[in-house]
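Asker: dropping a prediction and its sequence here:
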Amino acid sequence: MAGFTIAQVLVLIIVATSMLAFSTANRGAPQWPSRGGRFHQLPKCKEGPKKIIVGGSEQWRFNFTYTEWALANGPFYINDTLVFKYDSRHSVYLLPNLQSFLKCDLSRATLLGNVTQGGGKGFEYVLKEWKPHYFACGEHDGIHCNLGQMKFFAIPMFRWCR
């Protein structure tokens, strides 16, 4: 692939594979006939969308590995709300693609939460679409993203319930 390193291609493959695996992993019991000709049913949803504080008790801060946090605290589901709580030294950007995420390139990113929106109850972002969402802190020209590890991605899954 022109313009991509081997590491970037591997991350892209992992993301694509994860999207496929996560989207099919939560479908519940297989739909096959049981004795008597009845089909198994998908489980009833026991819970709805959640509010998730990004970083947990660490919140949104410099020098915390959010990619590891996201992997440990997922999966995330469509209509879950991510809550970013932070002080006035940080912000929240939505990056347009994997390459921007890997390079912490904020040139085409969208500002979601500015430096004043993270206080108090924090800034909220609802995961409304089944697609990768790449988040990063945009302060100090991407230094918080690059050196401070203030970036992660979330691929919300569908809730497969009846």
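Answerer: Sure thing, it's come through.
Asker: for this protein, which segments are assigned as helices?
Answerer: 6-25, 66-73, 98-103, 143-146 (DSSP state H).
Asker: so which bits of the second one are buried?
Answerer: Neighbour-count burial for helix 66-73 flags 66, 69-70, 73 (criterion: 16 or more other C-beta atoms under 10 Å). C-betas here are computed from N, CA, C, even on glycine.
Asker: now do stretch 78-87
Answerer: Buried, per 16+ other C-beta under 10 Å, within stretch 78-87: 80, 82-86.
Asker: same list (those) but as CSV, adding pLDDT and distance to V92.
Answerer: Below are the buried residues of stretch 78-87 laid out as CSV (pLDDT from 0 to 100; distance: C-beta to C-beta, whole Å):
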residue, pLDDT, distance to V92
D80, 96, 16
L82, 97, 9
V83, 97, 11
F84, 97, 5
K85, 96, 11
Y86, 94, 8
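Asker: among those residues, which two are most distant?
Answerer: Largest separation among the buried residues of stretch 78-87 by C-beta to C-beta: D80 and Y86, giving 19.0 Å.
Asker: shaky segments in the chain?
Answerer: 1-46, 161-162 (pLDDT under 70).
Asker: how about the strands in it?
Answerer: For the chain, the strands defined by DSSP state E cover 51-53, 81-84, 92-95, 110-113, 123-126, 133-136, 151-154.
Asker: touching, G118 and W60? I think so.
Answerer: Yes - under the criterion of C-beta atoms under 8 Å, G118 makes contact with W60 at 6.4 Å.
Asker: what is the nearest of the buried residues of helix 66-73 to N146?
Answerer: Y66 (12.8 Å).
Asker: do you know how far the closest one is from W60?
Answerer: Counting by C-beta to C-beta, to the nearest Å, the gap from Y66 to W60 is 8 Å.
Asker: who touches both of the two?
Answerer: Shared contacts of Y66 and W60 (C-beta atoms under 8 Å, 6 or more residues apart in numbering): 54, 150.
Asker: closest one to K51 out of the buried residues of stretch 78-87, please.
Answerer: Taking C-beta to C-beta as the measure, K51 sits nearest to V83 out of the buried residues of stretch 78-87, at 5.6 Å.
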